[in-house]
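Asks: predicted coordinates and the sequence they were generated for:
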Amino acid sequence: MMISLTTSPALSKRTVAFSPMQRGTLVIQNAHKKGAGSTKNGRDSNSQSRGVKVFGGQPVKAGGIIVRQVGTTWHDGTNTSLGKDYTLFSLVDGIVMYDKKKQRPSVHVYPYEHAKAVAAVEITHTKKPKEGVPSRKERRKTMYTPRGAAKEASALSVATIAATVRP
């Protein structure tokens, strides 16, 4: 197949010949330059995960991280220590207590038997249920009959019906 292209009478005729192999090929051209801001994007850093990890009145294990911080916003107190990146961690198992004074806010961990830890547990949500009041789980269980009891009851009703039907 011969195609002739003429643009103006001053230019000579050009002929372009297509071979049979090139007839089915399709060439798509994309931009050869990147977009305006694309070379400046595509980077992100991992989060530092800073902040309070264990709040006041909550239990913590020995070695457990209490606060991750930049600088000493919170200072180490009783049974706590400060890591090289200013991470506060517990030295004993116990209850965390925050003591925020103007000059030096600090974090303390008191063992479970300590009077302050016992007092903290009593005023938080971790206290024991009241005597004589059933728990939510127990109240919910009373609303429904267990499957085993329901099976036995249905088997007994079938047996009583079968016994009454027989002459």
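Replies: All right, it came through fine.
Asks: what ranges do the strands span in this protein?
Replies: Along the chain, counting by DSSP state E, strands occupy 2-5, 14-17, 51-52, 59-60, 65-68, 75-76, 80-82, 88-90, 94-99, 106-110.
Asks: contacts for the longest one, please.
Replies: The list of residues contacting strand 94-99 from outside it, by Cβ atoms under 8 Å, 6 or more residues apart in numbering, reads 54-60, 66, 74, 77, 79, 90, 105-112, 114, 116-117, 120-121. C-beta coordinates here come from the backbone N, C-alpha and C atoms, glycine included.
Asks: what do you get if the cut-off is 10 Å, keeping everything else the same?
Replies: With contact meaning Cβ atoms under 10 Å, 6 or more residues apart in numbering, strand 94-99 is reached by 52-62, 64, 66-67, 74-75, 77-80, 88, 90, 105-114, 116-121, 124, 126.
Asks: buried subset of the residues you listed, written for ChimeraX?
Replies: Only the buried entries of the contacts of strand 94-99 go into this ChimeraX selection, using 16 or more other Cβ atoms under 10 Å:
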select :52,53,54,57,58,59,60,66,67,74,75,77,78,79,80,88,90,106,107,108,109,110,114,117,120,121
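Asks: which stretches in the protein count as helices?
Replies: 115-123, 136-143, 147-165 (DSSP state H).
Asks: for these, which one sits closest to Asn30?
Replies: Asn30 lies closest to helix 136-143 among the helices of the chain, at 62.7 Å (Cβ to Cβ).
Asks: which elements pack onto that closest one?
Replies: For helix 136-143, there is no helix or strand it packs on, judged by 3 or more Cβ pairs under 10 Å, 6 or more residues apart in numbering; DSSP states H and E.
Asks: by mean pLDDT, flag the weakest helix or strand of the protein.
Replies: The least trusted helix or strand in the chain, going by mean pLDDT, DSSP states H and E, turns out to be strand 2-5, with a mean of 54.
Asks: re earlier: among the helices of the chain, which comes closest to Gln29?
Replies: Of the helices of the chain, nearest to Gln29 by Cβ to Cβ is helix 136-143, at 68.1 Å.
Asks: packed most tightly, which of the helices of the chain would that be?
Replies: helix 115-123 (a mean of 14; mean count of other Cβ atoms under 10 Å).
Asks: average pLDDT for it?
Replies: Across helix 115-123, pLDDT averages out at 85.
Asks: C-alpha coordinates for it, PDB please?
Replies: Provided in PDB are the C-alpha atoms of helix 115-123 (Å, rounded to 0.1, in the frame of the first residue of the first chain):
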ATOM      1  CA  ALA A 115      -1.600   1.500 100.000                       C
ATOM      2  CA  LYS A 116      -1.700   4.000  97.100                       C
ATOM      3  CA  ALA A 117      -2.100   1.200  94.500                       C
ATOM      4  CA  VAL A 118      -5.000  -0.300  96.500                       C
ATOM      5  CA  ALA A 119      -6.600   3.200  96.700                       C
ATOM      6  CA  ALA A 120      -6.200   3.700  93.000                       C
ATOM      7  CA  VAL A 121      -7.800   0.400  92.200                       C
ATOM      8  CA  GLU A 122     -10.800   1.100  94.400                       C
ATOM      9  CA  ILE A 123     -11.600   4.400  92.600                       C
END
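Asks: perfect, that will be all.
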